[in-house]
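1. Provided below for reference: sequence and predicted model.
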Amino acid sequence: MSDGHISIIFSLVLSLILSLAKIARDSKITTFQSYYTFHFALFFFIFSVGNVVTTLVAQSIIENNILTKDPNSIALKGPLWIWYTFIGVFGFEFLIQKINVTFLDHGLLSINDWIKDAKANAVAATLEKTAEGLASEEIKLALELHQQLAHDHGKLHTIVRHIIGEKLYSNALLEIQGQPNISIELALANVAASVDKLKVRAVLKSKQQKKPDSST
């Protein structure tokens, strides 16, 4: 495989790493599953295309201007694909600040603006996906807590009161009781899961550990 082909592969790999790092920095989200959205794919596509193009430009400049004059140039020690990739990927960060696309003598969005917009959409999608994941986790915990204590509503009330505190429990109960056609216990379990998922998990884990003992 030629240095040019290797440099393109590594340019794509670096583009992916840098794309993930940019989204992680801006979103403050550390779960990688939340990054994989359509908007992230679009951001990565735009970013990687730019990096690959500048990598090819770097390759052309090095081969036509440096290697033709001095094939053993000290400035290019090591595999050439490293230089192509390094100059191409990190040079692109500089170039996007300077390049603007024009059409019929009217300035359009610069490449930098395209990438910023794509990144902003990717960050928003990451935050939305994370929020959806947290909400679905809360619902799952609430359903499990309600199911395990379906036979003992008094104990469920006691556990929820302990998790969320007396004041919040009283306010939540008052609000829930004013709504028709709603399961009070399930609603309380949902409140507990939204307030403190760790405590709800601990309760569920302790009850699961007690099951073998109760069956003996």
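-> Thanks, I have the structure now.

2. need the longest helix for this structure.
-> Looking across the chain with DSSP state H, the single longest helix is helix 111-148.

3. got a list of contacts for the very next helix or strand once past it?
-> For helix 111-148, the following helix or strand on the C-terminal side (DSSP states H and E) is helix 153-164. With contact meaning Cβ atoms under 8 Å, 6 or more residues apart in numbering, helix 153-164 is reached by 145-146, 149, 169, 172, 185, 188-189, 191-192, 195-196, 199-200, 203. Every residue, glycine included, has its C-beta placed from N, CA and C.

4. Kindly export helix 153-164 (C-alpha atoms) in CSV.
-> In CSV, the C-alpha atoms belonging to helix 153-164 read as follows (Å, rounded to 0.1, in the frame of the first residue of the first chain):
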residue,chain,number,x,y,z
HIS,A,153,-48.1,-0.5,48.6
GLY,A,154,-47.4,0.5,52.2
LYS,A,155,-43.7,-0.5,51.9
LEU,A,156,-43.5,1.2,48.5
HIS,A,157,-44.7,4.5,50.1
THR,A,158,-42.2,4.1,52.9
ILE,A,159,-39.3,3.4,50.5
VAL,A,160,-40.3,6.4,48.2
ARG,A,161,-40.6,8.7,51.3
HIS,A,162,-37.1,7.6,52.4
ILE,A,163,-35.6,8.2,48.9
ILE,A,164,-37.1,11.6,48.1
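
5. buried sites along that helix?
-> 156, 157, 159, 160, 161, 163, 164 (16 or more other Cβ atoms under 10 Å).

6. that older thread, determine the angle, from 0 to 180 degrees, between the longest helix of the chain and helix 153-164.
-> 140 degrees (axes from the mean of the first three to the mean of the last three Cα atoms, to 10 degrees).

7. buried stuff in helix 111-148?
-> So, applying 16+ other Cβ under 10 Å, buried residues of helix 111-148: 111-112, 114-115, 118-119, 121-123, 125-126, 129-130, 138, 141-142, 144-146, 148.

8. by contact count, what packs against it?
-> The helices and strands touching helix 111-148, judged by 3 or more Cβ pairs under 8 Å, 6 or more residues apart in numbering; DSSP states H and E, are helix 3-27, helix 38-61, helix 153-164, helix 184-195, helix 197-215.

9. Turn those into CSV, columns for distance to residue 92 and mean pLDDT.
-> Listed next are the helices and strands packed on helix 111-148 as CSV, based on distance: least, Cβ to Cβ, whole Å; pLDDT from 0 to 100:
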stretch, distance to residue 92, mean pLDDT
helix 3-27, 9, 87
helix 38-61, 4, 87
helix 153-164, 51, 87
helix 184-195, 44, 84
helix 197-215, 42, 72
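
10. Nearest to residue 82, out of the ones you listed?
-> Evaluated over those, closeness to residue 82 peaks at helix 3-27, with 7.9 Å, by Cβ to Cβ.

11. Check what contacts that closest one and list those residues.
-> Applying Cβ under 8 Å, 6+ apart, the contact partners of helix 3-27 are 29-30, 32, 34-35, 40, 43-44, 47-48, 51-52, 55-56, 59, 79-82, 84-85, 88-89, 119, 122-123, 126-127, 130.

12. Tell me the buried residues in that helix?
-> 3, 6-8, 10-12, 14-15, 18-19, 22-24, 27.

13. quick one, what contacts the residue sitting nearest the centre point of the chain?
-> The C-alpha lying nearest the average C-alpha coordinate of the chain belongs to residue 35 (Cα atoms, centre = their mean; 2.7 Å). Residue 35 sits next to 20, 23, 24, 29, 122, 126 when contact means Cβ under 8 Å, 6+ apart.
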